[in-house]
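S.K.: Predicted model follows, preceded by the sequence.
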Amino acid sequence: MQSNGTDAHPLFGGAFSAVLPPGFRDVSELREIPDNQEVFAHSHADQSIIVELLEYQGHVTGRDAARYHFEDVAGSNEAAGPGGSQVLSVEPLPAAQTSLQESESAWLLHGTQLVSKFNEEAENAVSVYLGLFRLPQYSTDALVTFNDPVTINPLSSSAVSESGQDAVPSPWSLEEFRLLLQTLRLLNPDVFG
């Protein structure tokens with residue numbers, strides 16, 4: 001676990017790097033993760049960040065591409081039913097504010113999803129921030145998702161008491177997620193095959 005929040009962390013075997021928020025835990029140390037994903041969880045809060053290299057979706061452009069991937073994530077989270085997910089905003093990420101210069105365009109979407117963990121009935125309201133970097137020259141959409149629970153259902157396995165814990169790291173902020181998006185950098189294009 002690295003937790004200083006200022007050094008670039010290697011991703012995908014060093015093919016990418018980015019500054020991750022402090023107090024992260026690499027989920028691949030706990031369970032198997034697909035090769036096209038890097039998954040990090042906050043060491044104490046029920047937050048996660050997922051970096052994914054996905055197939056480029058040429059049939060959608062601009063903010064619609066961000067919405068497409070949000071709806072795909074909602075389907076994976078089984079939050080696609082009525083009232084299960086909602087897009088609140090989609091804004092462009094200016095190239096001058098990102099390190100991933102290979103990106104044709106970049107977008108930041110904010111939405112909400114009602115998500116159950118481990119096939120539980122109890123749903124948690126989760127704020128989802130989705131950064132999308134379009135890389136058509138590599139047939140890739142790079143997706144960075146920040147899951148930030150807003151309310152935890154008391155019946156959810158996520159509802160744990162943190163009483164008695166000293167020096168618990170603060171939950172991640174949107175500013176820390178934006179820093180990750182701004183510092184995401186491609187170091188080795190061979191990762192795309």
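M.R.: Thanks, I have the structure now.

S.K.: where does the protein have low pLDDT?
M.R.: 1-5, 77-82, 116-122, 151-169 (pLDDT under 70).

S.K.: Now with 80, please.
M.R.: Regions of the chain meeting the criterion pLDDT under 80 cover residues 1-6, 76-84, 115-124, 151-169.

S.K.: middle-most residue in it, spatially?
M.R.: residue 145 (1.7 Å; CA atoms, centre = their mean).

S.K.: I figured residue 10 hits residue 19, correct?
M.R.: No. The criterion here is CB atoms under 8 Å, and residue 10 misses it with residue 19 at 11.6 Å. The way it works is simple: take the backbone N, C-alpha and C, and place the C-beta from them, glycine included.

S.K.: between those two, who's got more neighbours?
M.R.: residue 19 (20 against 12; other CB atoms under 10 Å).

S.K.: ok, for that one, nearest residue in space, not its chain neighbours?
M.R.: Distance criterion CB to CB, 6 or more residues apart in numbering; nearest residue to residue 19, sequence neighbours excluded, is residue 183 at 4.3 Å.

S.K.: likewise residue 139?
M.R.: residue 56 (4.7 Å).

S.K.: again with residue 99
M.R.: Take residue 99 and drop its neighbours on the chain: the residue closest to it by CB to CB, 6+ apart is residue 185, 4.4 Å away.

S.K.: mind listing what that neighbour touches?
M.R.: Residue 185 sits next to 8, 16-18, 99-100 when contact means CB atoms under 8 Å, 6 or more residues apart in numbering.

S.K.: Repeat the analysis, applying 7 Å as the threshold.
M.R.: 16-18, 99-100 (CB atoms under 7 Å, 6 or more residues apart in numbering).

S.K.: tell me which residues in the longest helix anywhere in the chain are buried?
M.R.: Looking across the chain with DSSP state H, the single longest helix is helix 62-76. Neighbour counts over helix 62-76 (16 or more other CB atoms under 10 Å) mark 63, 65-70, 73-74 as buried.

S.K.: Check which helices and strands that helix sits against.
M.R.: strand 85-92, strand 105-115, strand 124-135, strand 140-151 (3 or more CB pairs under 7 Å, 6 or more residues apart in numbering; DSSP states H and E).

S.K.: Nearest to residue 31, out of these?
M.R.: strand 140-151 (16.2 Å; CB to CB).
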